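*Asks:* need a 3D model of the sequence below.
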Amino acid sequence: MAQCKASTKAGRRCFNVASSGRKFCHVHRKQGVGEAAKAVAVGAFLGSLVAPGVGTVVGATAGGLVNGLFGEDEEMKKKVFVSFDFDNDKKLKDFIIGQSKNSDSPFEVVDHSLKEAAPERNWETKADRAIGRSEIVIVMVGPQTYRAHGVLKEVRMARERDKKIVQLIGYRDGDYKPVPNAGRLYRWNWENLKKLLS
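*Replies:* Residues are numbered from 1 along each chain as shown. This next block holds a predicted model:
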């Protein structure tokens, strides 16, 4: 594993491990974006020296291409839809949304489960659109999730859209049944989550 190429504010070398296939760790990944901006600026400057006027644009484009080939890209977080038993497990939604806000989180929550008994008659249409915007559907599994009507419908929508589905056991203790047709059931921990969402 490669060490992060960044320096700390105190001027020392960062001791974090670089993210997979990257030059920087999760804390310093924005420096990769700064390097891209520098590459474009240097390319524009050199291009303007060689061919004033047109050279600026050509040089900036070349600088961006070179950085794209050899530099660091900003890591893209996976967009997830969170499905959960609305009547029994609302706190699981809050926990997973909180986890998505960690600096090294590999995902962001774009939407979450909608209650089937909500006053809105078109909740299924809204849920289907939200699932369509996501890359992965995370099913937060509690004691009764395997038979929650809304979750079962959301899993069906995800299957129809050929979305990856990940089931996570939401609580530490207890015996949990997987939601039908939603794949394997995993323990919810940071390492599993990172692997499953990569």
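*Asks:* from here on, contacts and neighbour counts on C-alpha atoms
*Replies:* OK.
*Asks:* tell me, how many residues neighbour Gln167?
*Replies:* Close neighbours of Gln167, defined as other C-alpha atoms under 10 Å, add up to 22.
*Asks:* give me the low-pLDDT residue ranges for the protein?
*Replies:* By pLDDT under 70, the weakly predicted segments of the chain are 1-3, 5-13, 15-75, 113-120.
*Asks:* give me that answer again for 90
*Replies:* Applying pLDDT under 90 to the chain flags residues 1-78, 86-87, 90-127, 172-175, 183-184, 188-198.
*Asks:* which residues in it form strands?
*Replies:* Remark: strands assigned in the chain by DSSP state E are 78-84, 107-112, 136-141, 164-169, 185-187.
*Asks:* return the most buried member of those.
*Replies:* Across the strands of the chain, the average number of neighbours (mean count of other C-alpha atoms under 10 Å) peaks for strand 136-141, which reaches a mean of 26.
*Asks:* list the contacts of Glu191.
*Replies:* With contacts defined as C-alpha atoms under 8 Å, 6 or more residues apart in numbering, Glu191 has no neighbours.
*Asks:* now swap in the one 5 residues further on and tell me
*Replies:* Leu196 makes contact with Val166, according to C-alpha under 8 Å, 6+ apart.
*Asks:* does Val141 really touch Gln167, like I thought?
*Replies:* Yes - applying C-alpha atoms under 8 Å, one finds Val141 in contact with Gln167, separated by 6.6 Å.
*Asks:* give me the common contacts of those two.
*Replies:* Residues touching both Val141 and Gln167 (C-alpha under 8 Å, 6+ apart): 178-179.
*Asks:* looking at the strands of the chain, which is nearest to Cys4?
*Replies:* Among the strands of the chain, the nearest to Cys4 by C-alpha to C-alpha is strand 107-112 (21.1 Å).
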